[in-house]
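S.K.: sequence below, structure please.
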Amino acid sequence: MRKLFLFLIPIFFASRPALAQNAERLPKMGAFFTFGENDVIRFENTECDCGCDGDGFWNAGLMYLQPFADHFSFKTGLSFQKHNYTTSWIDFSENNYLMELKRSGTIALLDVPLGIRAEFLKFLYTDLGILLDIETQNTNIDCQSGVGSEFGLGARYAFKNGWEVAVGAQMQLHSLIAFNRSTYQQHFTNSGVFVQMLFPLKK
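M.R.: Numbers count the residues shown, from 1 in each chain. Coordinates of the predicted model:
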């Protein structure tokens, strides 16, 4: 009995990394929340005496990861994000004095990300991909429906049961390819901090 016990001990400990590795290779699903700063840019020069400044954004949604190789996963999901901003322009007052006028606005987007996640140094990962943006709310700014891009860098901790928590930073650029492009297309950009939790899907 003692010899059998001594024989089973190394097998037991050797099997634990294998179990963790199998959990790592399972597809995962979870939720995330992002918040931070935003801005509005144009790639073309314009003589318009107006401007647009971001007042912050938040983004929440679901994410799905499908591993296809060691340390690499396909990423997709569905999210909703809301941006606040302020537009300003110069106009003449009743006394013919130049004055700056401002107006607050909001834009909301439904996003479907399509990208690749690459894990490195055990606890770190990066992801890169495109965004399919569908505008659901807009107040006086160019339509943001189209194809955008995103880049993220995060730190994660995977439990032995396959659950995972992560925090990191993410940047997004919207309407790179606009479905309803304006002459001087405005593009929303956002960068912020995210938190997420994932759980494995059983085969």
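S.K.: neighbours around Leu198, how many?
M.R.: Using other C-beta atoms under 10 Å, Leu198 has 21 neighbouring residues. (Each C-beta comes from the backbone N, C-alpha and C, glycine too.)
S.K.: right, and it touches Leu26 too?
M.R.: No. Checked against C-beta atoms under 8 Å, the pair Leu198 and Leu26 is beyond contact range at 10.2 Å.
S.K.: identify the residues contacting the residue positioned nearest the centre of the chain.
M.R.: In the chain, the centroid-proximal residue (C-alpha atoms, centre = their mean) is Gln170; its distance is 5.8 Å. Applying C-beta atoms under 8 Å, 6 or more residues apart in numbering to Gln170 gives the contacts 34, 150-153, 191-194.
S.K.: could you identify the longest strand within the chain?
M.R.: When the chain is parsed with DSSP state E, its longest strand is strand 98-120.
S.K.: what pLDDT, on average, does the next helix or strand after it get?
M.R.: Note on strand 98-120: by DSSP states H and E, the next helix or strand toward the C-terminus is strand 124-138. Computed over strand 124-138, the mean pLDDT rounds to 95.
S.K.: so what secondary structure elements neighbour strand 124-138?
M.R.: strand 72-92, strand 98-120, strand 146-158, strand 164-178 (3 or more C-beta pairs under 8 Å, 6 or more residues apart in numbering; DSSP states H and E).
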